[in-house]
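# Just to be clear, the model below is a prediction. Sequence and coordinates:
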Amino acid sequence: MNIYIQGTGCVSPLETAAEGPFPAVVNPSYEGGRLKVSDPDYKQWIDVKQIRRMSRIIKMGVAAAKLSLDEAKVEKPDGIITGTAYGCLDDTGVFLSKMINQHEEMLTPTSFIQSTHNTVAGQIALLLNCHSYNNTFVHKAFSFESALLDTIMILREGKARHILMGGMDELTNHSFNIISRFNRFKQEAVSHTDLLSSTTRGTVAGEGAACFVLGTEKGECSTSRLADLTTVYKPANKEEIAEDIIGFLAANEIAPANIDLLITGRNGDAEEDKWYDHVENTVFPGQTIGCFKHLCGEYPTAASFGMWTACKVLSSGQVPAEVLYKGTPGKVKNILIYNHYKGTHHSLILITGC
Amino acid sequence: MVNDVWIGGGGVICGIGNTLPECVEAFKSMSTGAATMDRLTSAHRDSFPVAEVKADNETLAARAGLPAHISRTALLSLIAAREAWESTGLGDIRNYRVGFVSANTVGGMDKTEEFFAEYMQDPQSGHLHQVINHECGSVTEVVADALGIRHHITTISTACSSGANALMYGSRLIRNNMVDVVIAGGTDALTRFTLNGFNTLMILDTESSRPFDETRRGLNLGEGAGYVVLVKDSLVSDLKQQPWCKLSGFANANDAYHQTASSPDGIGNYMAMKGALEMSGLKPSDISYINLHGTGTQNNDSSEGLAVERLFAPHYPPVSSTKSFTGHTLGASGGIEAVFSALAIRDGYLYPNANFSTRMKETPFSPVTAFSAGNDIKHVMSNSFGFGGNCSSLIFSMQ
């Protein structure tokens, strides 16, 4: 059974929250070592009164969901499945801080209610008045991939026609401060043009939401197909992941040489990027490589931005200059997205043009 | 979708027992779990009873074989998951393609809230090891690593229905031949964060909760973990005993009414139960027992009761809420109640609903109030509903 990508929507540090191709102007702000989402005018999709109560991750998620549904021309999907590693961090931080500062007294419910990890999926269901299947995966850098797999398995059962799914995470001042203490981010100033050639440890923090409508029929606007997906947890070494990639492609009857574009999760951390160096050099030597984390920053569900980028490449027939890392792109049909997070969570997503 | 998925075993730790047999004894002796807080430190200690696991972190850590500074959520999870695995007699876990699908709602929040108290004073203070396992998924990985599981690991968080959704996803993994066995369920430790959160919603009872009772005034929070072991057809012969039952049906629907409250008529509840029946090919009259979500709040029990009435009238199977014993264990509840439901089929149990005296005016049925064994229990429905409108229903069947 083929699974088609019928619509996409993305809110990211770039001006992506609109229909059309990959943004022509790419100038993400790296202020203070972190990339913030470029907020669209959320009034397009959400009632003003509700916007005031919503944290950023809810607004981003709802906007990306609505964009993807509009593109797919689907009003009510047969399922809503989200992946978020950190969930609603802002509301969690607000409730936690007040609880401590106010010694557990005089607390109000709003931030607690909105702190649960399934808030985004629940809010989308509420806004669409959608009673169908609703699930949320919260497994670190497999959150988005698990949501994708759940989507694939449900579509294969043949009862659901369209499923709205997506990955989203927000960065807050608290999460940036705390994760920084683990030396996760670069100390020195970098820009998106030099991040990927960095020789030091650390990356830049990011955030965003990317949603997709997947279905078993080719939609009016479908230009891509989700061919396969797999995850690898804690591979022993780089040789193992290279073998896994070859095996994954073989199972899909594609030779590595027929991957027209490899999109990697290269994030500028000199040590972590060695995984990508190894795979590029041993499995895909001389082939065309693209990257995306210099544009959206590093976060556990960033692969969703990678998949959105792949869809834009296939819909426009072009690899945006800002995405191209190595090689000379020809006609692109098969795209493999290889992402890893801290070397522990590796995922492979195969997208083909249709 | 031809292969059946069987329940090969289960494990539970919660406020009424540190093992599954201890929980059954508590049902037999009508020993409920809610009491004054002993381990949790909170300003509300004297206001709200909770159903705590009767062991401190050091004791749990020694039993689990993990360091005592690890989140209690992970300690509870490992203990119940290991009991579940060992009950199957499948032996060395590395001989199988195993998935671990665990649910929780607040991950390592028990440690994060300790960290935050110091961090709020100075952003450079607070021990970082206390936030390492903040993420829900980290808790799952601590347990997966300890058990030696790496084929498929994931975490689900749909508030109070999380554990039930873990069984659905686990069943799909087996049906899609991604793995042969899945340990599926959920875990949650009591935290100040959730206690205060539920208090702001004014749905905590100051006394023992009274699910499905006209005088109910709210829920008691609990903690614990519960997992079943889902096995594929061809592995059934490797079990040391007959499988307990099979997971014959499930459905997940959304109430789409309010972020926290249930719709008055329980449309999401109704759709979940109805969908599960359709998948299992059963009629309402085939159900031998319903393990209710039954939190003890005005809103839940009234909505759930009306949804049960709409689907089952005029013939109601025996029903009860085991939360009247365990308290509401949030992300763990779907897992714990799945184990109780599956065991009910194996051993013919009907579990009592504690603290019941007066039938709710909304519904024409009352819950079971006494424990009994040796009943002919062929099909059990287990309900789990949560914030975000998430409603899930599972059906376990003897054949």
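Sure thing, it's come through. Numbering: from 1, shown residues only, chains lettered A, B, ... in the order given.

# Near chain A, which residues of the stretch 251-399 of chain B are found?
Contact residues, the stretch 251-399 of chain B versus chain A (C-beta under 8 Å from any C-beta of the partner chain): B:252-260, B:267-268, B:271, B:386-390. C-betas here are computed from N, CA, C, even on glycine.

# from those residues, which ones fall inside helices?
Counted as lying in helices by DSSP state H, out of these, are B:I267, B:G268, B:M271.

# For those, pick the one with the most neighbours.
Ranked by the number of neighbours (other C-beta atoms under 10 Å in any protein chain shown), these place B:G268 first, at 29 neighbours.

# Does that residue touch B:N252 like I think?
No: in this structure, B:G268 is not within contact of B:N252 by C-beta atoms under 8 Å, at 9.4 Å.

# can you pull the contacts of the closest residue to chain A within the stretch 201-350 of chain B?
Across the stretch 201-350 of chain B, no residue is closer to chain A than B:N254, which sits at 4.2 Å (C-beta to the nearest C-beta). B:N254 makes contact with A:80, A:122, A:125, A:130-134, B:268, B:388-391, according to C-beta atoms under 8 Å, 6 or more residues apart in numbering or on different chains.

# bridging residues for it?
B:N390 (DSSP bridges).

# Give me the local confidence score for it.
pLDDT, B:N254: 97.

# And for B:M202?
Note for B:M202: predicted pLDDT of 97.

# Over to B:V2?
Reported pLDDT at B:V2 in the predicted model: 55.

# Over to A:E220?
On the pLDDT scale, A:E220 is placed at 82.

# Count residues in the vicinity of it, would you?
A:E220 has 9 neighbouring residues, counting by other C-beta under 10 Å.

# What of A:D228?
So A:D228, with other C-beta under 10 Å, has 18 neighbours.

# show me the residues around B:L221 that make contact.
Shown in contact with B:L221 (C-beta under 8 Å, 6+ apart): B:F48, B:V50, B:A51, B:L190, B:T194, B:L195, B:F198, B:L204, B:G327, B:H328, B:T329, B:L330.

# coming back round to it: are any of the residues of the stretch 251-399 of chain B next to chain A buried, and if so which?
Applying 16 or more other C-beta atoms under 10 Å in any protein chain shown to those, the neighbour count classes B:252-257, B:259-260, B:267-268, B:271, B:386-390 as buried.

# What is the nearest of the contacts of B:N254 to A:H346?
A:I80 (26.6 Å; C-beta to C-beta).

# Does chain B have contacts with the helix or strand containing that closest one?
Using DSSP states H and E, A:I80 falls within strand A:79-83. Yes: Strand A:79-83 comes into contact with chain B (C-beta under 8 Å from any C-beta), by way of A:I80.

# If you count neighbours, what's buried in stretch A:15-27?
Neighbour counts over stretch A:15-27 (16+ other C-beta under 10 Å) mark A:T16, A:A17, A:F22, A:P23, A:V26 as buried.

# Read off the pLDDT value for the spatially closest residue to the last one that is not a sequence neighbour.
I take that to be A:V26. Spatially, and ignoring its direct neighbours in sequence, A:V26 is nearest to A:E322 (4.3 Å; C-beta to C-beta, 6 or more residues apart in numbering or on different chains). For A:E322, the model assigns a pLDDT of 96.
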